[in-house]
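K.L.:
Quick one, what's the 3D model for this:
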Amino acid sequence: MNVRRAHAVQRLDALVRQYGLRRCAFRAWYDFRRRRGWLQRRFPHWAWPERPLADWLRPGHPADPESYLAARQQAAPPFFFPLGQAPAAPAIWRLDAVRRADDVLAGRFCYFQHLVGHLGYPEPAWFKNPLTGRATDAASHWLERSDFSPALGDIKVIWEPSRCLWVYDLARAYAVAGDERYPAAFWNLVASWRRANPPQMGPNWQCGQEIAIRTLALVFGLHAFWHSPAATAQEVADLVVLLAASAERIAGNIAYARAQMGNHATSEAAALVTVGRLFPELADSPRWLALGKRVLADESRLFHWPDGSYVQHSLNYHRLMLDAYLWTGALGRLHDDPLPPAVQERFDASWEFLYQLQDPATGRVPNYGPNDGAQAVPLHGCGYLDHRPTLDACCALSRGHRCYPDGPWSEKTSWLCGALIPNDTAAVTSPCRRGCWFASGGYDTFRGRESWGMVRCHTYRNRPNQADMLHFDLWWRGLNILRDSGTYTYYDPEQGWDQYFRSTAAHNTVRVGATDQMLKGARFQWHSLVASQRILRDAAGELEIWTGEHRGYRRLPSRAIHGRTICRCQDDCWIVIDEIRGRGREHVELFWHLHDAPLALADSRWRLDTAQGPVSFHLACNAPFELRAFTGEDSTVRAGWESLYYGERTPAPTVRVAVGGPLPVRFITLVGFTSVLEIAVDDRLCELHWQCDGVEGNIELDLPGESPNPVASVAYGAHRWRRGGLRSDTSSVAGAAGRGN
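P.N.:
The predicted model follows:
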């Protein structure tokens, strides 16, 4: 009993340190009120006919549908484009837009921007999980439901079609083809959704963020399809009631989203601002607008860190957050009410941060942190992994010009910012990408001409999602050579794949004692938060040197510390030195998750034969080791898998190096973008000589375990670096987009 109490106290302490006492107290009070039924009385169920449009309008505004339609036609507030007038659509939009819209008309709905589920049309099975065949219904109040049900499976699959992202597909197709089937489908699907989802009942009223994303899509559809013959006065009135009910639900529970410290609150606030600003005839619009603006400002101040990084430790959630501020910022500019200067400054830093972590050839970013397929405003024909559409539009809002030349990624800018930069096709200025240190978030990037890397070294204080400290991502010619495994799913009680993908073993880092860097708690919680230290960053010509360490394994009897050094030698090769210091014996594993390409493994060497050319690897260790490759052949083995899209995992090569013996243990991994890589290492692993396509290199190291900064000198070709007389961290590398560290 005493042990259980001690563990409970530890878990409570970890939660309070992450979320703060006030948020924890709020959540406890919220759960108490929910169990007692008090919250349900605050959100009573009602039927659509019980609260017609007249009940929502301020006094004096025409309430019958025909009069309301005429009044709105005369005095509709500014939107991204005039009512029913989409921006000019170049031919490049057409093929993708029509294909996606025709899928909707065939009852095929897109899940997580990649998978396809068949729900039917014109009456989709809104509560069916097409991945499992299971279904739920709207028979219970949303406060009586759970997000996690073994019988139903992942609730996100149920939510996905009700986000109504298909609205953007229909609108894009209508803009390029003018086919009246698309607006007819919009109004039909909205009516079907209303019939299936009475207010406050069922899973689709359960999450405020889901309601918010749906609200933005429906507002967009209302404006895109305004002039269509399918847009009758009654259907417009019914849609406005749905938007008002959604805003009421969000406003009444947004404190719950704020207690989670993440993108839920920003999405919900964006929906409140949108309804409040675009529907001033609604009686509660001024209150919704003020609340939404206040929450957006508070969330920016609290959770958008000065260097541009974000509280959620996820590059996908970072984009989702940017979309909320992009939408509200562009809309506010049209209403002569731009983002406040402090919010705009954090927004600028946020999109520039993501730009610096982007691969220039593909538009992708590392698959780092939770990635649940979320994309709030998919107004483009690019793949989900391409971040150029959002970043291009953010640049247009911030700087008045685009940052990429014309391409399918330009479409989002045209839809959302076309009115702000009418001559956007002529103005393209791309910020420079370079090696950066983002001190608040603990991200470092390294940039060569053809290769670049990212490493994470951060002391978690709130909301860690994956046990991934010192993870290293490496890219070369648009290929993610050393990759993050991804997310796959948030809920998999039957097979436990959710636990694997968030584990240390699913990242390019070291696992000690066959355990994760942190202790896993319930659902999205972690305990014993990992602490890290960035020790060194310096450069000499085309050499870059970085060293950091984390103390996540100090809780073990070995008191182990994992240190990592990364050295970039021009664009030819990268060296990663991992050192595990501590006492006694320990089981140590180094994981490298590789680009999906043919893999040849021989002793301490392996090679990837990629579409851009061969990539050679060499591994050295100061102790006997076992080197094994996994490629996902056996689904029971938790190695050799990748998830680029939520809900989908595919085989991809992984190399694991295992050592069992006394500490310290040192690994040296050399990566060369060549088929000719020769290497020689002394017995003590203190000196490494190599030759990469005829260019010679040498690195000198202290004895294993002697120093947290083990590199004494590096030479490669004409470039030399030696320890001593180093510049300080605050001057060694410029921050993102010219910002100081």
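K.L.:
Which pLDDT value goes with the residue nearest the centre of the chain?
P.N.:
Central residue of the chain (Cα atoms, centre = their mean): Asn316, 1.3 Å from the mean position. As summarised for this prediction, Asn316 has a pLDDT of 96.
K.L.:
now swap in Val9 and tell me
P.N.:
66.
K.L.:
and if you look at Gln18?
P.N.:
75.
K.L.:
Please confirm that the residue nearest to the centre of the chain is located within a helix.
P.N.:
Yes: judged by DSSP: H, G, I helix; E, B strand; the rest coil, Asn316 forms part of a helix.
K.L.:
dump the residue contacts of it.
P.N.:
Gly369, Pro370, Asn371, Asp372, Gly373, Ala374 (Cβ atoms under 8 Å, 6 or more residues apart in numbering). The way it works is simple: take the backbone N, C-alpha and C, and place the C-beta from them, glycine included.
K.L.:
The third one contacts Tyr646, correct?
P.N.:
Yes: the pair Asn371 and Tyr646 passes the contact test of Cβ atoms under 8 Å, sitting 6.5 Å apart.
K.L.:
anything in contact with each of those two?
P.N.:
With Cβ under 8 Å, 6+ apart, Asn371 and Tyr646 have common neighbours Thr487.
K.L.:
Helices of the stretch 601-741 of the chain, start to end?
P.N.:
For the stretch 601-741 of the chain, helices defined by DSSP state H, counting those that start in this stretch occupy the ranges 729-732.
K.L.:
Okay, now the unreliable bits of it?
P.N.:
635, 725-741 (pLDDT under 70).
K.L.:
quick one: low-confidence parts of the protein?
P.N.:
Ranges of the chain meeting pLDDT under 70: 1-10, 422-426, 524, 635, 725-741.
K.L.:
quick one, domains of it?
P.N.:
2-34, 38-417, 442-738 (automatic domain parsing).
K.L.:
Give the buried residues for the shortest one.
P.N.:
Spelled out, that is domain 2-34. Ala14, Leu15, Gln18, Tyr19, Arg23, Cys24, Phe26, Tyr30 (16 or more other Cβ atoms under 10 Å).
K.L.:
Which parts of the stretch 51-200 of the chain are strands?
P.N.:
Secondary structure of the stretch 51-200 of the chain (DSSP state E, counting those that start in this stretch): strands at 108-111, 115-118, 148-149, 153-154.
K.L.:
Ranking these by mean neighbour count, which comes first?
P.N.:
strand 153-154 (a mean of 22; mean count of other Cβ atoms under 10 Å).
K.L.:
Give me the contacts around that strand.
P.N.:
Against strand 153-154 from outside (Cβ under 8 Å, 6+ apart): Asn129, Leu131, Thr132, Arg134, Thr489, Tyr490, Tyr491, Asp492, Gly647.
K.L.:
Identify the residues contacting the second one.
P.N.:
If a contact means Cβ under 8 Å, 6+ apart, then Leu131 has Tyr111, Leu115, Gly117, Gly153, Val157, Gly647 as its contacts.
K.L.:
okay, now the last one: neighbour count?
P.N.:
For Gly647, the neighbour count with other Cβ atoms under 10 Å is 21.
K.L.:
tell me which of the contacts of Leu131 is nearest to Glu678?
P.N.:
Gly647 (43.8 Å; Cβ to Cβ).
K.L.:
Which strands border the strand or helix carrying Glu586, and is each parallel or antiparallel?
P.N.:
Assigned by DSSP states H and E, Glu586 belongs to strand 585-593. The pairing partners recorded for strand 585-593 under DSSP bridges are strand 510-512 (antiparallel), strand 654-662 (antiparallel).
K.L.:
Among these, which comes closest to Arg483?
P.N.:
Using Cβ to Cβ, the nearest of the strands paired with strand 585-593 to Arg483 is strand 654-662, at 9.6 Å.
K.L.:
And the contacts of the closest one?
P.N.:
584-594, 601, 606, 617, 619, 621, 623-631, 639-641, 665, 667.
K.L.:
mind redoing it with 7 Å?
P.N.:
Where contact means Cβ atoms under 7 Å, 6 or more residues apart in numbering, the residues beyond strand 654-662 that reach it are 584-585, 587-594, 606, 619, 621, 623, 625-630, 639-640, 665, 667.
K.L.:
can you check stretch 240-249 too?
P.N.:
Counting by Cβ under 7 Å, 6+ apart, residues outside stretch 240-249 touching it are 43, 48, 51-53, 56, 194, 199, 205, 211, 214-215, 218-219, 271-272, 275, 279, 282, 284, 288.
K.L.:
Just the buried subset of the residues you listed, please.
P.N.:
43, 53, 56, 194, 199, 205, 211, 214-215, 218-219, 271-272, 275, 279, 282, 284, 288.
K.L.:
Would you format the domains of the chain as CSV with distance to Arg433 included?
P.N.:
Putting the domains of the chain into CSV (distance: least, Cβ to Cβ, whole Å) gives the following:
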stretch, distance to Arg433
domain 2-34, 33
domain 38-417, 6
domain 442-738, 6
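K.L.:
who wins for proximity to Val428 among these?
P.N.:
Of these, nearest to Val428 by Cβ to Cβ is domain 38-417, at 5.1 Å.
K.L.:
how far is the closest one from where the chain is centred?
P.N.:
Counting by Cα atoms, centre = their mean, to the nearest Å, domain 38-417 is centred 17 Å from the centre of its parent chain.
K.L.:
likewise stretch 714-726?
P.N.:
On Cα atoms, centre = their mean, the centre of stretch 714-726 falls 37 Å from that of its chain.
K.L.:
Can you list the buried residues in that stretch?
P.N.:
Buried, per 16+ other Cβ under 10 Å, within stretch 714-726: Val714, Ala715, Tyr716, Gly717, His719, Trp721, Arg723.
K.L.:
which residues sit in contact with Gln612?
P.N.:
Here Gln612 is in contact with Trp476, Arg477, Leu479 (Cβ under 7 Å, 6+ apart).
K.L.:
now Thr136
P.N.:
Phe127, Leu152, Ile158, Pro203.
K.L.:
Tell me which of the strands paired with strand 585-593 is the most buried.
P.N.:
Buried most deeply of the strands paired with strand 585-593, by mean count of other Cβ under 10 Å, is strand 510-512, with a mean of 24.
K.L.:
Parallel or antiparallel, which strands does the next helix or strand after it pair with?
P.N.:
Counting by DSSP H and E, the element after strand 510-512 in chain order, helix or strand, is strand 519-520. Strand 519-520 has its sheet partners listed here by DSSP bridges as strand 526-527 (antiparallel).
K.L.:
Mind checking which of the buried ones among the contacts of stretch 240-249 land in helices?
P.N.:
Members of those lying in helices (criterion: DSSP state H): Arg194, Ile211, Arg214, Thr215, Leu218, Val219, Ala271, Leu272, Val275, Trp288.
K.L.:
Spatially nearest residue to the second one (excluding sequence neighbours)?
P.N.:
What that stands for is Ile211. Ser246 (5.0 Å; Cβ to Cβ, 6 or more residues apart in numbering).
K.L.:
So the one you found belongs to a helix, correct?
P.N.:
Yes: counting by three-state DSSP, Ser246 is found in a helix.
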